[in-house]
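[1] Quick check, what structure comes out for this input:
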Amino acid sequence: MDALRFAFDEEMTSFADHAAYKAENIVAAHAHAFFYLLLVAAFTVICVLALGWYAFTTDAASAEPEEPLSYAHSLFITFQVVASLGMDDSITDPGHIGVFVLMCFSGLFLFAILIGMITESFHSFVAGMNEGKSKVPLSNHTLILGWNETTVRVACQMALLRRQWRQQNETWVRTLFPWTRVQPSTPVAEAPIVILTDRFSKAEMQDALEFAFDECGLSNKRTKVGRDIICRIGDPTSINDLQRVGAQRARSILVMMSDADKEGDVEGYFDHGMTLRTLLAIRIVMHTAKKVPYKDDMRVVAQMEKSSDYMDCIQLGKTADGRNILNIVDLNIRNILNISRRVRRADGSSAD
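    Here you go, the predicted structure:
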């Protein structure tokens with residue numbers, strides 16, 4: 001019965017089905033398979049049309065010996081016609097006219113497919129850039145992992161620090177003589193900021209940050225979203241995503257709380273599950289990296305409401321001066337607002 005069913009299935013499948021099956025597998029296995037297939041098709045069409053052109057020219061040359069033509073020359077003529085769709089009024093032989101028309105239509109067909117593939121590849125490239133999944137080749141940057149209601153406030157405070165430091169160095173003396181510039185009081189004031197989360201899209205994060213900057217009166221000349229604050233889409237607990245945003249090269253890392261910080265288990269739940277998994281992923285990235293350039297001056301801050309019994313298992317080590325790399329803080333909205341008020345009073349103004 002199975003043999004009969006197999007024979008029936010074989011009868012129902014056509015050559016087009018097998019060709020489509022093979023083509024789909026090739027495309028799935030190779031990202032640029034369409035370009036290779038188009039190249040093979042163009043080469044085959046040119047060779048076949050050149051053979052027809054050579055055959056008709058050989059017949060004409062038998063009557064006119066002064067007009068010899070090689071197959072290589074036929075290939076060259078065919079390629080010219082297919083590539084440029086040139087016109088030649090001197091062609092009067094019906095055979096040559098037919099081959100010439102086939103060359104023109106083949107060139108139009110092949111280049112129409114090529115233009116469509118290039119357009120689709122360009123759209124895919126732009127869409128991939130807008131998705132925020134490209135690699136971040138930065139060092140000495142500040143990395144924010146996760147997103148909650150305090151993430152935008154933290155970004156605003158960092159932007160205020162950047163503004164104060166840049167304002168101190170905007171005099172003409174310090175602009176012309178770089179060695180007279182004031183050094184930043186913290187690496188956060190100088191380094192770019194990278195935010196990694198999978199809760200929102202890149203456009204949504206950028207819109208939220210730009211809206212908050214407008215409310216705080218922060219000018220995009222000193223801190224611009226997309227240039228100084230980079231948003232990326234990814235899972236903060238994923239080792240691959242952490243490596244993609246350069247967690248092993250960052251000098252400052254801030255782990256934000258999220259709604260997933262209460263994960264159920266067989267006994268009930270444990271607090272800060274998402275934060276603990278993120279810290280474990282950071283530990284693996286740091287210990288497996290070939291080089292951690294800022295390990296002696298690195299700081300990792302985790303936002304937690306209270307200490308966890310599992311924190312003893314996630315020690316990231318100490319810096320050169322004996323300070324713990326990992327620190328636990330409570331970054332709730334009230335603390336963020338208090339910090340904001342103190343920074344604004346110290347700055348004297350909230351607008352540029």
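[2] where are the low-confidence patches of the stretch 251-352 of the chain?
    Within the stretch 251-352 of the chain, the segments meeting pLDDT under 70 span 260-271, 295, 306-313, 320-321, 330-352.
[3] where do the helices sit along it?
    For the stretch 251-352 of the chain, the helices defined by DSSP state H, counting those that start in this stretch cover 273-288, 333-347.
[4] just the chain next, same as before
    Assigned by DSSP state H, the chain shows helices spanning 2-12, 15-29, 33-63, 71-84, 94-131, 151-168, 172-176, 202-216, 239-244, 273-288, 333-347.
[5] Look up how far Leu279 lies from Ile230.
    22 Å (Cβ to Cβ, to the nearest Å). Where C-beta positions appear, they are placed from N, C-alpha and C, glycine not excepted.
[6] ok, the two, which is more surrounded?
    Leu279 (27 against 22; other Cβ atoms under 10 Å).
[7] The more buried one contacts Val301, doesn't it?
    No - Leu279 is not in contact with Val301 according to Cβ atoms under 8 Å; the separation is 10.7 Å.
[8] overlap in contacts of the two?
    Val255, Leu326 (Cβ atoms under 8 Å, 6 or more residues apart in numbering).
[9] Isn't Glu305 up against Val329?
    No - using Cβ under 8 Å, Glu305 is not in contact with Val329; the gap is 10.3 Å.
[10] on that earlier part again, just so I know, which of the helices of the chain lies nearest Pro187?
    If you check each of the helices of the chain against Pro187 by Cβ to Cβ, helix 151-168 wins as the nearest, at 10.2 Å.
[11] Put the alpha carbons of the closest one into PDB.
    The C-alpha trace of helix 151-168 is given here as PDB (Å, rounded to 0.1, in the frame of the first residue of the first chain):
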ATOM      1  CA  THR A 151      15.000  54.300  31.800                       C
ATOM      2  CA  VAL A 152      14.100  57.600  30.100                       C
ATOM      3  CA  ARG A 153      14.900  59.500  33.300                       C
ATOM      4  CA  VAL A 154      18.300  57.800  33.600                       C
ATOM      5  CA  ALA A 155      19.100  58.700  30.000                       C
ATOM      6  CA  CYS A 156      18.000  62.400  30.700                       C
ATOM      7  CA  GLN A 157      20.400  62.500  33.700                       C
ATOM      8  CA  MET A 158      23.200  61.200  31.700                       C
ATOM      9  CA  ALA A 159      22.500  63.800  29.000                       C
ATOM     10  CA  LEU A 160      22.500  66.500  31.600                       C
ATOM     11  CA  LEU A 161      26.000  65.300  32.700                       C
ATOM     12  CA  ARG A 162      27.100  65.400  29.100                       C
ATOM     13  CA  ARG A 163      25.800  68.900  28.700                       C
ATOM     14  CA  GLN A 164      27.600  70.200  31.800                       C
ATOM     15  CA  TRP A 165      30.900  68.700  30.800                       C
ATOM     16  CA  ARG A 166      30.600  70.000  27.200                       C
ATOM     17  CA  GLN A 167      29.600  73.500  28.300                       C
ATOM     18  CA  GLN A 168      32.800  73.700  30.300                       C
END
